[in-house]
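Peer 1: 3D, please:
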Amino acid sequence: MPSQRQLRVGEAIRHALANVLMRGDVPWPKGFAAPVVTITEVTVSPDLQNAIAFVIPLGGKKTDSTVTALNAIVGFFRHALAESVKLRYVPRLTFKADDSFTNAQNIEKILQDPVVAKDLAKD
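Peer 2: Below you'll find the predicted structure:
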């Protein structure tokens, strides 16, 4: 379970990344049509040296290419974090696709299955 400090730092990083994306000055790779990106969560390691930012593009389209593009320009985001978040060390940043919404939809679909719904109704 993450400590309070990890949660606070993760939330500060999430807000800082969201502000950078909202400003619109991200140097996207050439030829990449930048989608609107949402930072859903940032998890930070116990030593605050590594951070994983979970992202999802608007509509869930082009997720893999968006994550690849974000990881290609991770240095830009680390520099922006260094300017906006007061930490002794700026954590190494990695972007990953957030699949929690897809997992929730799959669970909902399973729960709506008539066989499963029949078993749940017995309680």
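
Peer 1: which secondary element of this protein has the worst mean pLDDT?
Peer 2: helix 114-121 (a mean of 74; mean pLDDT, DSSP states H and E).

Peer 1: Check which helices and strands that helix is in contact with.
Peer 2: helix 100-112 (3 or more CB pairs under 8 Å, 6 or more residues apart in numbering; DSSP states H and E). Every residue, glycine included, has its C-beta placed from N, CA and C.

Peer 1: picking up where we left off before, list the contacts of the least confident helix or strand of the chain.
Peer 2: 110-111 (CB atoms under 8 Å, 6 or more residues apart in numbering).

Peer 1: which residue ranges form the helices in the protein?
Peer 2: Under the criterion DSSP state H, helices of the chain are mapped to 4-23, 63-72, 74-84, 100-112, 114-121.

Peer 1: The second one versus helix 4-23: what angle between them?
Peer 2: Okay, so that is helix 63-72. 100 degrees (axes from the mean of the first three to the mean of the last three CA atoms, to 10 degrees).

Peer 1: Rounded mean pLDDT for helix 63-72, please.
Peer 2: Taken as a whole, helix 63-72 carries a mean pLDDT of 92.
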